[in-house]
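> Below are the sequence and a predicted model for it; my questions follow.
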Amino acid sequence: MSNERTLDLLETKIEELKQLNEMDGMDLSSEIAKLETKLVELRRELYSNLSDWERVKIARNPKRPYSLDYINTIFTGFYELHGDRMIGDDRALLTGLAKLDGRTVMLVAQQKGRSTEENTERFFGMTRPQGYRKAVRAMKLAERFGFPVITFIDTPGAYPGVESEETNIGGAIAESLLTMSQLRIPILSVVIGEGGSGGALAIGLADRVLMLENAVYSVITPEGAAAILWKEKDKSEEAATALNLTAEHLSELGLIDAVIPEPLGGAHKDFDQTVEALTSSLVEFLNELQKLELDKLLDARFERYRSIGSYRELGALSEEPSSDGSADVESAPAESPDE
Amino acid sequence: MSNERTLDLLETKIEELKQLNEMDGMDLSSEIAKLETKLVELRRELYSNLSDWERVKIARNPKRPYSLDYINTIFTGFYELHGDRMIGDDRALLTGLAKLDGRTVMLVAQQKGRSTEENTERFFGMTRPQGYRKAVRAMKLAERFGFPVITFIDTPGAYPGVESEETNIGGAIAESLLTMSQLRIPILSVVIGEGGSGGALAIGLADRVLMLENAVYSVITPEGAAAILWKEKDKSEEAATALNLTAEHLSELGLIDAVIPEPLGGAHKDFDQTVEALTSSLVEFLNELQKLELDKLLDARFERYRSIGSYRELGALSEEPSSDGSADVESAPAESPDE
Amino acid sequence: MSIFKDKQYLRVNVDKAPDDSLWMKCKACGELIFKRRVRENNNICPSCGEYFFLTVEERIEMLVDEDSFDNISKSIEAADPLKFVDRKSYQDRIEQAQGVTGIPDAIVVGKATINSVPVILGVMDFRFIGGSMGSVMGEQICHGMETAIQDRRPFILVSSSGGARLQEGLFSLMQMAKTTAVRAKLAEAGLPFISIMTYPTSGGVQASIASLGDVIIAERGAMIGFAGRRVIQHTIAQELPADYQTDTFAFEHGAIDRVVQRAHMREELSSLLGFFAEVA
Amino acid sequence: MSIFKDKQYLRVNVDKAPDDSLWMKCKACGELIFKRRVRENNNICPSCGEYFFLTVEERIEMLVDEDSFDNISKSIEAADPLKFVDRKSYQDRIEQAQGVTGIPDAIVVGKATINSVPVILGVMDFRFIGGSMGSVMGEQICHGMETAIQDRRPFILVSSSGGARLQEGLFSLMQMAKTTAVRAKLAEAGLPFISIMTYPTSGGVQASIASLGDVIIAERGAMIGFAGRRVIQHTIAQELPADYQTDTFAFEHGAIDRVVQRAHMREELSSLLGFFAEVA
Ligand SMILES: [Zn+2]
Ligand SMILES: [Zn+2]
C-alpha cells in the first residue's frame, strides 16, 4: 500500500502538471483528471485502513490544527480572559468569550505550540494547575451569565513536575471536575487532537463529548502503557490498539456522542472542510442542549456519568478461575508509585 | 501618676509580705489588706486614664493572650484544618472546628507568635494569601454544614512582600470579603488584639463585631499614619488619638457592637477573667444570631455594611471654602504609591 | 466642564486659575511639549509614551459616546466623622481637593453609552487626596452598582487610588466591606462588572472592589498591588524586583485578565460589552 | 476473614496458602521480625517504623468498632470491556488479584460505627492491581456515597491507589468523573466526606475523589501526588526534591489538612466525626 509521503509527492506532481498545462497550452486535462481520481482512490485506500497507532500519529501531527486555529475561524471576536487570580496565567489552556452563531459562549481550550519558542511558553500543551483554576474561574463566570461552555481538548496530559505538584495539580483537576459536574449551563466538549488522561478529562466532564475522527482519547499514552504493562517501549502500537483510544472505538463503546469526520489524511489536509464539519456539529449540539430545561440538563449530565462503567455480576462468568495460584499480581496503575 | 512597672513592683512586695505572714505567724493581715486596696485604687487610676496610644501598646503587648490561648480555653476539641489546597498552609491564620457550649463552630483565627522561632513561622501574625484562601475554604465548609463562623482578629496587617503580591494578596482579601458577605451562616468576629487594616477586615465582615477593651482596630497603624500624614514618626501618639482606633471610640462611632471588658491592666493580667467575659459574650451573641431566620440574618448583614459610612449633603455646611487657592493637595492613601 | 453641565450643583463652586500655559514639561523624559498635542494623544507624552493622569472629565470623554454621560453621583461630600486634623485639617484637605478637581470627592458615577450600549460608569480621580476611598466614594460606588441593577446595565469602574482615606479611620476601611456587599448583589442580579485598573490601583481599593471584576482590565502603565513599596521595604526590608506591581507583573501572576493601551480602552470595552448584550 | 462473614458471596473462593512463616524480613531495615509483633503494631515495623500495607480487613479492623462492619459492596466484578491483553490478559490479572486478596476488586465498602457513630466506609487494597480504579471501584465508591445519603451518614474513604485501571481504557478514566458527580450529590445532601490518603494516593484517584474530601487526612508515610516520579523524570527530566510527594510535602503545600499516625487514625476519626453529629 502507498504511504503518505509518496501520495504527497504524487499530489505535487499533479500540481506541476496543471501549471504546465496552463503555461504551454497543451491539453493534459484528461490525463490530469485521471491522475487526480487515482490519487483520491489511493488516499482513501491508505486512510480508510489507518491503524489505531497511525491515528495517534495523526492526532499528534504538528501540522494538525490546534484550538486557536478553530477558535479564530469558527467563532467571532474571541476575547481572551487571562489568569487564575492566584498564581499565574497558563498559556497551555486558554479561556475567553466568543460568539458562535450569534450567541455568546465561553471557550476553554487547551493549546499546543508550533515553534520551539511557543512550545516553551505553552509547556507543549501540558496544562498546569493555574490553567485548570483559570478554567474553573471562566466556567463560573459563564454560569453567572448563562453562557454555554465549549471546551477544546488537546493535551498530552497535565504538566507533571515539581511546580505542578507544589500547587496541587491533582486537587486542581478534581476541582475542575467538581465544578463541571455542578455547572448550571450546557457544556460541550470536543477532543480535537490528543485527549491525554486526567489532564484532558479535567475539562471534559460535559453534556456532550465529541471527537474529531483522528483524535484520540486515552487513560494513558500508548508509550506509557507499553512501558508499564508490556515492559517494552516498542509495544506502543499494540498498546494503542488495546486501549481503544480512537474516536470510532470510543463511539462504539458509547463513551462519546459523535465523531466529526475529517478529510482524508487528517484535519490539516483540508482545514476548511474540517471547520465546516466541526462548526455544524457544535451548532447542532449546542442548539440541542440549549433547548433542554436546566433541571433536565443537569439530571441527564448526572445520569451520564453516574452510569458510566463496565462491570458484571460477581460470578456471572461461571468459569473456573484460570489462576495458577501464584501471587504474581502486578501493580499497573496509570501513574504507579515508584517501586 | 504611678506607672505600670512600679505597680507591678508593689504587687510583688505584697506577695512577699503574704508569704512572710504565713511563715512567721505574725499578723500582717490588716496591713496587707490595706496595701491591696491601695494597689487596686492605683491600678484603676492608672488604667482608667489610658491614652489611645497606651491602648495600642497593650494591644501589642507580647504577654497578651493570643488566639490559641482563647481557643484552647473557651472551646473544646479544636480540630485544626490546614492548607489552602493550592499553595500552602499559612501559620498566621488558623482554621478549624471546635465546640462551644455544645455546638460545632468553625474558627478562623489570626495567630501571632511569642518566640522568635514561632514568629518566623507565623510571619509575626501577618496573614498571607494562602491564609485568606484557607479561611475562604473553611468558611465554605462551615456553610455546607451550617456551622457558625467565629473569627479572631489579631494581626499587624496582611503580609506585605513579593511573595504575597505574586499570589495576589489583594485579590485574596477581596475574595474573603465577598465570601463573607454571601455566607449563609452566622458570622461573629472579635478583635482580640491588633486589628490591622485590610488584613484584619478580610476576616471581619461579620454579623456582629466585638472588641476586647484594649484591642485596637484601624485603617493604618499610628506609626504609618504619622509617617504619611504628619511626615514625622514621633507623632504616633497623636495619630493614635486622631484615628479613633480603640474599642471605646469605635463603639461610640457605631462601628462595632460590643466592648468586652478586660481586667485592669489588660487581658494578660487576669486571663481567667478575660476568658469568662469573652465566653459569655460569644455565647450570648451566637445565641442571638442563631435565633434569626437565615434571610433576616443575611438582610441585616447586608444593611449593616450597606449603610456604613459618614457623609453629608453637598453644601450642607454653608461655610465659605477655607481654601487658600493653592494646589497643594497631597495624596494620603493607606498604601500610597511610591512617588 | 461639559460633562457636569446638567448637574451644576454637584460641582463645587471655585474659580480655577485660567490655564494660560501652552507648554508643559514631561516628568518622564523632560521634553517640553505642546499641551494640546498631549491632550490629543490621550494625555500620553508624544515623545516618550509616559501616561499622565487623566481628570475624571478627560477619562469619561475618552471612554463614552459623545455627550452620553449623565452624572448621577449622589449630592454628597465627606463629613469628617473623626474631626481629623494632622498637619492640616481633613476639612481643609477636602476643600482644597474640591477646588483643584472641581468635583466633590474622588469619584464621579454616571450613566452613559459606549458604542451605544448603556452602562453605568464610575471614574476615580487620583488628584483628589490620592483617589482615596472614604465614605463618599464607597457610597457613590454602591449607588452606581445599585443603579446598574435597577436599569439592568453593566457596571464599569475605573480605579485610580492609593487606598483608603486615612482621615476617616475605620469608616474608610469599612468601605471595602460595603462595596463588596453591594458587588455581591450585582452578581446575584446577573449583571457584569468590568474593573479597569489604572495607575495606581492599590491598598484597600485593590483589595476589595477593584479585584472583584468579572473581567479585570489594566491600563498599560498601571501600578497594581496591595502594599506600597515603602510599606514593604519598611516592614520586611525585602529586595523588590524591577517589574514589581507593574501591569506586567500583575498579568504574569494571573491577577488580571488583560493589559490595554489607553487609546484602545474604549474599543476594548465595546468588544467586551458585546458579549453581555443578552444579559444586561 | 471475619469482616466478610455475613456476605460470603462477595468473596472469591480461593484456597490461600496457609501462612506458615512466623517471621518476616522488614524491607526497610532488613530486620527479621516476628509477624505477630508487626501485626500488633498496626503493621508497622517495630524496629524501624516502616509502614507496611494493610489488607482491607486489617484496615477496617483498625478503624471501626469491633464487629460493627457490614460489607455492603455491590456484588460485581470487572467485566473487561476492551478484552484487554498485554503480557497477560486482564481477566487473568483480575482472577489472580482476587485470589491473593480474597476480594472481588480493589475496594470494599460497608456500614460501620466508629466510636458508636454510624458511617459508611470505603477501603482500597493496593495489592489488587495497584489499588487501581476501574469501573468496579468507581461503582462501589458511588454506591457507598449513595448509601451515605440514604442513611444520612458521613462517608469515609481510605485511598491506596496508583491511579486508573489501565486495562479498562477510557472506562477507568471516566470513573474520575463518575465519582466526582456523586460526590457533588453528597455535598448537596449536606453530608461530610472524610478522605484518608495512604501510601500511595496518586494518579486519577488523587486527581478526583480523594482530593475532594471536606477534610483530607494523610496517614503518616503516605505518598501523595498526581504524576509518578518516573513519569516526571521521563517527561521533563526534572530534579526532584527528596521529600517529593511525601505526606510532609503535601502538607506544607497546603494540599491536605493533617498527617496522622496509623495508630491514631481511629481516634482522629472519632474526634472529627464528633463535630458532625448534628448534621449526619
Ligand atoms: Zn515624555
Ligand atoms: Zn524495619
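Structure received. Numbers count the residues shown, from 1 in each chain, chains lettered A, B, ... in the order given. Ligands and ions are numbered 1, 2, ... in the order given.

> Could you list everything the residue nearest the centre of chain A pairs with in the sheet?
For chain A, the residue sitting closest to the mean C-alpha position, by CA atoms, centre = their mean, is A:Val191 at 2.5 Å. A:Val191 has these beta-bridge partners by DSSP bridges: A:Ile153, A:Met211.

> List the contacts of it.
Contacts for A:Val191 (CB atoms under 8 Å, 6 or more residues apart in numbering or on different chains) come out as A:153-154, A:200, A:204, A:209-212, A:215-217, A:247, A:256. Yep, even glycine has a C-beta here, placed from its N, CA and C like the rest.

> all strands for chain C, in order.
Applying DSSP state E to chain C gives strands spanning C:23-25, C:32-34, C:70-71, C:76-78, C:107-114, C:117-124, C:155-161, C:193-202, C:215-219, C:224-225, C:258-260.

> The ones you listed: which one's closest to B:Arg55?
strand C:76-78 (26.4 Å; CB to CB).

> Report the contact partners of A:Ser67.
A:94, A:109-111, A:152, A:154, A:192.

> Taking the stretch 151-280 of chain C, what residue is nearest to ligand 1?
C:Gly221 (12.2 Å; CB to the ion).

> Quick one: neighbours of residue 114, just the number.
Unless you meant another one, I'm taking chain A. 11 (other CB atoms under 10 Å in any protein chain shown).

> not what I meant, chain C
Number of residues near C:Ile114 (other CB under 10 Å) recorded here: 22.

> try C:Glu66
Here the number of neighbours of C:Glu66 (other CB under 10 Å) works out to 8.

> Quick check: it vs ligand 1, distance?
C:Glu66 sits 28 Å away from ligand 1, going by CB to the ion, to the nearest Å.

> need the helices for chain C, in chain order.
C:35-40, C:56-63, C:90-101, C:135-151, C:170-188, C:203-206, C:229-236, C:247-252, C:265-274 (DSSP state H).

> Among those helices, show the one with the smallest mean pLDDT.
Per-segment mean pLDDT for these reaches its minimum on helix C:229-236, at a mean of 76.

> Please save the CA atoms from it in CSV.
The C-alpha trace of helix C:229-236 is given here as CSV (Å, rounded to 0.1, in the frame of the first residue of the first chain):
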residue,chain,number,x,y,z
ARG,C,229,6.9,49.7,48.0
ARG,C,230,7.7,51.8,51.1
VAL,C,231,5.5,49.8,53.3
ILE,C,232,7.1,46.6,52.1
GLN,C,233,10.6,47.9,52.5
HIS,C,234,9.9,49.3,56.0
THR,C,235,8.2,46.2,57.2
ILE,C,236,10.4,43.4,55.8
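
> How is chain A divided into domains?
Per automatic domain parsing, the domain ranges recorded for chain A read A:4-48, A:57-306.

> Endpoints of the shortest one, how far apart?
Same thing as domain A:4-48. In domain A:4-48, first residue to last residue: 12 Å (CA to CA, to the nearest Å).

> what about the residue of the stretch 151-280 of chain C closest to ligand 1, neighbour count?
Counted with other CB under 10 Å, C:Gly221 comes out at 17.

> same question, A:Val216
Using other CB under 10 Å, A:Val216 has 30 other residues around it.

> Kindly report the same for the one 5 residues further on.
In terms of burial, A:Thr221 registers 24 neighbours under the definition other CB under 10 Å.

> what does the one 4 residues further on give?
Counted by other CB under 10 Å, the residues lying close to A:Ala225 total 27.

> phi, psi of it?
Note on A:Ala225: its backbone torsions stand at phi -60, psi -40 [degrees, to the nearest 10].

> what's the closest non-adjacent residue to it?
Counting by CB to CB, 6 or more residues apart in numbering or on different chains, A:Ala239 is the residue found nearest to A:Ala225 once chain neighbours are left out, at 3.9 Å.

> now do A:Leu141
Per CB to CB, 6+ apart, closest to A:Leu141 is C:Asp214, 5.7 Å.

> Just give the nearest non-adjacent residue to C:Ile209, would you?
Per CB to CB, 6+ apart, closest to C:Ile209 is C:Thr179, 4.1 Å.

> Next: A:Trp230.
Distances taken as CB to CB, 6+ apart put D:Asp86 closest to A:Trp230, at 5.2 Å, once the chain neighbours are dropped.

> Show the backbone phi and psi for the one you found.
Per-residue torsions, D:Asp86: phi -110, psi -110 (degrees, to the nearest 10).

> Neighbours of it, how many?
Counted by other CB under 10 Å, the residues lying close to D:Asp86 total 22.

> cool, and C:Pro241?
Neighbour number of C:Pro241 under other CB under 10 Å is 12.

> same check, this time on the one 4 residues further on
Using other CB under 10 Å, C:Gln245 is surrounded by 26 other residues.

> Does it touch C:Ala222 like I think?
No: C:Gln245 lies out of contact with C:Ala222 (CB atoms under 8 Å); the separation is 9.0 Å.

> The one helix or strand A:Tyr79 maps to and chain C in contact?
Assigned by DSSP states H and E, A:Tyr79 belongs to strand A:76-81. Yes: Strand A:76-81 is in contact with chain C by CB under 8 Å from any CB of the partner chain, via A:77, A:79-81.

> So which of the residues you listed wins on neighbours?
A:Leu81 (23 neighbours).

> Okay, that one and ligand 1: tell me how far apart.
Distance, A:Leu81 to ligand 1, using CB to the ion: 33 Å.

> Contact partners for that residue?
A:95-97, A:134, A:137-138, A:141, C:215, C:257-258.

> which of the residues you listed has the most neighbours?
Within these, most neighbours by other CB under 10 Å means A:Lys134, with 30 neighbours.

> Helix or strand for that residue, just tell me which one.
Going by DSSP H and E, A:Lys134 is in helix A:129-145.
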